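Enquirer: Only the shape, not the letters, is given here:
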């Protein structure tokens, strides 16, 4: 792949991921009703939505900022922990394994984004 192609793919993936996480983060901060139902179903307190939502918004800011590589790596780690935790939570409370697919998809998407980031901004 050419450097220009890598740059384009990286930014497309970054924007798509950032929009999804920003929307999810805002929904968490405002404690959207569907999120509250999911937290109750998983057995978590509803206030966790505000904490995780705020973390997702800050993670998006970290992914989009161009100055601090370490902060960006922390954001990738935080999103990874979030998606792995979501899969673990659904695996424990649900017999329906299809509930694992959305966080798994986002985790794979995140790994692909991380791969292109390392190609776009090599150390």
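Expert: Sure thing, it's come through. Bear in mind the structure is a predicted one, so any value in this text is a computation, not a measurement.
Enquirer: for the helix of greatest length in the chain, packing partners?
Expert: As assigned by DSSP state H, the longest helix anywhere in the chain is helix 3-29. If you count contacts as 3 or more C-beta pairs under 8 Å, 6 or more residues apart in numbering; DSSP states H and E, helix 3-29 packs onto helix 33-42, helix 48-64, helix 101-120. Just so you know, the C-beta spots here come from the backbone N, C-alpha and C atoms, and that holds for glycine as well.
Enquirer: Quick one: mean pLDDT for that helix?
Expert: Mean pLDDT, computed over helix 3-29, is 97.
Enquirer: for that helix, which positions count as buried?
Expert: 6, 9-10, 13-14, 17-18, 21-22, 24-25, 27-29 (16 or more other C-beta atoms under 10 Å).
Enquirer: hang on, the earlier thing: pick the most deeply packed of the helices and strands packed on helix 3-29.
Expert: Sort the helices and strands packed on helix 3-29 by mean neighbour count, taking mean count of other C-beta atoms under 10 Å, and helix 48-64 sits at the top with a mean of 18.
Enquirer: helices or strands next to the next helix-or-strand element following it in the packing?
Expert: The first helix or strand that comes after helix 48-64 along the chain, using DSSP states H and E, is helix 69-93. In terms of contacts (3+ C-beta pairs under 8 Å, 6+ apart), helix 69-93 is packed against helix 33-42, helix 48-64, helix 101-120.
Enquirer: make it 10 Å
Expert: Helix 69-93 is packed against helix 3-29, helix 33-42, helix 48-64, helix 101-120, with contacts defined by 3 or more C-beta pairs under 10 Å, 6 or more residues apart in numbering; DSSP states H and E.
Enquirer: just to revisit the earlier point, nearest to residue 102, of the buried residues of helix 3-29?
Expert: residue 24 (10.7 Å; C-beta to C-beta).
Enquirer: sorry, back to before: let's have the helices and strands packed on helix 69-93 in TSV, adding distance to residue 83.
Expert: Converted to TSV, those look like this (distance: least, C-beta to C-beta, whole Å):
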stretch	distance to residue 83
helix 3-29	11
helix 33-42	14
helix 48-64	11
helix 101-120	4
